[in-house]
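Q: Just the structure for this:
(one chain, ligands or ions: 2)
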Amino acid sequence: MPESILAASHRFFNQLVQPWGNMLRCRRVPWPARIPPDITAFSHPRLLNMKTLLDEQQLERGVSELAQRINDHYGSRPLTVVAVMTGSLILLADLIRRLNMPIRVGVVQASSYRGGTRSGELLVNAAMLINIRDREVLLIDDIFDTGRTLERLLEDMRQMGAQDVKSAVLLQKNRQHDVQVRPDFVAFEIPDEFVVGYGLDYEDMYRNLPYLGVLEQADLDRHHALHGPAIDR
Ligand SMILES: O=P(O)(O)OC[C@H]1O[C@H](OP(=O)(O)OP(=O)(O)O)[C@H](O)[C@@H]1O
Ligand code: HPA
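A: Ligands and ions are numbered 1, 2, ... in the order given. Okay, here's the model as predicted:
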């Protein structure tokens, strides 16, 4: 029986047109055109074009040297490392894998830069901290800026009965600090600029940058154009 016009057009569509349509629809559009610009600018570190203060190799060398000095100081004595969340999470992972003594790891959360580039009220949450009584404790943090966070946490650890408390930071800003105390181990001294990456954030973003970048005014403007006005604290 001869094919109806309708059946023939279905066959034509199914066998010839649709496969081409599928191929065209699945064809690879050159990257990054496939990704909406707001997502690219936020999530792809290479496209941010931020001024780099320390690149990945420099950070790796700095952390290795920091670990070496900590190993030299403690030798094989057991150590309780207390990481100050959230900023120190990348440093924590990279540093403890280079430490040779028996280690326990605890965390404490401290936050005072909620949504800005200036320090505000310091909130500390030690609910998840492990027992540090009679232990040698090493507090680790990403940055020593005003110094208020470290001063407060050193005091808290002593109050909790630690036998000894020292501190190690990735970065110390070259500025007048608000406190007398200084970190015992420092990987890098940096200029007094607001930095992000390698754990450090602005409005909880940019912690995943593998390098340390300077957040300049143009970056702040672009950030707020993409993500809305500065968060009220
Ligand atoms: O020397 P200071 O002036 O006290 O600043 C240093 C602290 O500030 C940052 O924490 P933030 O409050 O931004 O919280 P976060 O770790 O969650 O980013 C950083 O991680 C340090 O803990
Ligand atoms: O320069 C900084 N960047 C990010 N977080 C910070 N917390 C204190 N100083 C800084």
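
Q: backbone phi and psi for His177, please?
A: Here is the backbone geometry of His177 (degrees, to the nearest 10): phi -90, psi 160.

Q: make that Leu139, sorry
A: phi -80, psi 130.

Q: How about the contacts made by Leu220?
A: For Leu220, the contacting residues are Tyr202, by Cβ atoms under 8 Å, 6 or more residues apart in numbering. C-beta coordinates here come from the backbone N, C-alpha and C atoms, glycine included.

Q: do you know how far Leu123 is from Arg77?
A: 32 Å (Cβ to Cβ, to the nearest Å).

Q: what about this protein, any weak spots by pLDDT?
A: In the predicted model, the chain carries pLDDT under 70 at residues 1-47, 232-233.

Q: quick one: the spatially most central residue of it from Arg148, how far?
A: For the chain, the residue nearest the mean C-alpha position is Gly199 (1.8 Å; Cα atoms, centre = their mean). To Arg148, Gly199 is 19 Å away according to Cβ to Cβ.

Q: Tally up the residues packed near Val81, please.
A: A count of neighbours around Val81, defined by other Cβ atoms under 10 Å, yields 21.

Q: domain parsing for this protein?
A: Domain segmentation of the chain under automatic domain parsing yields 1-30, 56-192.

Q: Would you mind saying which of those domains lies nearest ligand 1?
A: Taking Cβ to the nearest ligand atom, domain 56-192 is the member of the domains of the chain nearest to ligand 1, at 2.7 Å.

Q: Say whether ligand 1 is contacted by that closest one.
A: Yes: using Cβ under 6 Å from any ligand atom, we find that domain 56-192 touches ligand 1 at 84, 86-87, 110-113, 119, 141-149.

Q: so which of those are also by ligand 2?
A: Applying Cβ under 6 Å from any ligand atom to those, those adjacent to ligand 2 are Tyr113, Ile143, Asp145.

Q: Emit the PyMOL select command for whichever of those are buried.
A: Entered in PyMOL, the line below selects the buried ones among these, by 16 or more other Cβ atoms under 10 Å:
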select buried, resi 113+143+145
